[in-house]
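A.B. asks: I need the structure of the sequence given here:
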Amino acid sequence: MTTLASERVAELLTQLHRDAEASDREHLEAMVETFGAQDASMETLIVEMMAEERADYRAIYHRYADNYLAVTPTYGRFLYAMARACKASRIVEFGTSMGISTIYLAAALRDNGGGRLIGSEFEPGKVARARGNLEAAGLGDLVEIREGDARETLKDVGGDVDLLLVDGAFSLYLTVLKLVEPHLRPGAVVLGENAFDPDYLDYIRAPANGYLAQTLPLDEGRGNVFAVRVA
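C.D. replies: Numbers count the residues shown, from 1 in each chain. Model (predicted):
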C-alpha cells in the first residue's frame, strides 16, 4: 500500500478537500461573476489581475488568508504520480497554503524512500495550519515550510531539485523559476498551476531556455502547465 492510499493520509485528504471546497466556494463564485460581468476577454482580465498583483501582491493574497485555494484531488494525485515518476528526493513548492498539495508531494517522497520538501508561504496562519496538517498526516519530518517572501526564502534550496511546483502569486512564477533554475537537475519536472502569466509561459515554452513544456488537460481552465528541464 502506498502512503497516499493509507487510511491516515487518505482520510485526512478527504476532509481537507471537503473543507477547501466549502472555504473557497464563495471566492470562486465571485470570480466567475466578475468574469461574466465584464465585457472583456480572458486575456484582458489576466493582464489586469497581473498588474494589480505586481502593485501589491501581499495585500491581494492577504484577503484570502482563510481560503485554501487548494489543488483538486485529481491534480493532487497527478502531483504524487509525477514525484514518484521522477524519483524525486528534493522538491520545492512555491505557495504552500494549507498544505494539501504538500501532503501529496510528501507522500511521494516517503514512498520514494525519503527526501526533503521545501515550501514557501508568506501568510503566518497558513504556515501554522499547513504544518499541523502535515503532522496529522505523519509527513512533517519530510517538509520544511519557510515563512516569508519566496524571493528570499527560496534563495537557498540546499541542493539539486527534482521537482518544482509554482502555485502562489501568479506574477512571481517567472521570478521563482529563475531563482530555483540553477538547482534544477536535467530531467527535473516544473509544474505550474494557475500559470497565466504570459512572461512565464513565453519563457518556459521557448526551447532556448532549456525546457519542453505543454498545457495539461487536467482541471481545464486552471492554467496547469507541465515542463521538463531538458538542458
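A.B. asks: how deep is residue 67 tucked in, by neighbour count?
C.D. replies: 18 (other Cβ atoms under 10 Å). Every residue, glycine included, has its C-beta placed from N, CA and C.
A.B. asks: pLDDT of the longest strand seen in the chain, averaged?
C.D. replies: As assigned by DSSP state E, the longest strand anywhere in the chain is strand 184-192. Averaged over strand 184-192, pLDDT sits at 98.
A.B. asks: Would you mind pulling the contact partners of it?
C.D. replies: Contact partners of strand 184-192, identified using Cβ atoms under 8 Å, 6 or more residues apart in numbering, comprise 79, 82-83, 86, 88, 160-167, 173, 177, 200, 204, 211, 213, 223-231.
A.B. asks: List only buried entries from those.
C.D. replies: Among these, those classed as buried by neighbour count (16 or more other Cβ atoms under 10 Å) are 79, 82-83, 86, 88, 161-167, 173, 177, 200, 204, 211, 213, 223-229.
A.B. asks: Low-confidence ranges, this structure, go.
C.D. replies: Scanning the chain for pLDDT under 70 picks out 30-44.
A.B. asks: Would you verify that residue 213 is located in a helix?
C.D. replies: No: under DSSP: H, G, I helix; E, B strand; the rest coil, residue 213 sits outside any helix and is assigned strand.
A.B. asks: That one and residue 196, how far apart?
C.D. replies: As judged by Cβ to Cβ, to the nearest Å, residue 213 and residue 196 stand 14 Å apart.
A.B. asks: Same check on residue 17?
C.D. replies: 23 Å.
A.B. asks: quick one, which of these two is more surrounded?
C.D. replies: With neighbours defined as other Cβ under 10 Å, residue 17 and residue 196 compare such that residue 196 has more, 20 against 17.
A.B. asks: Look at that one and tell me its secondary structure.
C.D. replies: Secondary structure assignment for residue 196 (three-state DSSP): coil.
A.B. asks: ok, now residue 165?
C.D. replies: Going by three-state DSSP: residue 165 is strand.
A.B. asks: Look up phi and psi at the spatially most central residue of the chain.
C.D. replies: The centre of the chain sits closest to residue 167, judged by Cα atoms, centre = their mean, with a distance of 3.1 Å. In terms of degrees, to the nearest 10, the main-chain angles of residue 167 are phi -150, psi 50.
A.B. asks: That one contacts residue 93, correct?
C.D. replies: Yes: Residue 167 is within contact range of residue 93, at 7.2 Å (criterion: Cβ atoms under 8 Å).
A.B. asks: No more questions from me, cheers.
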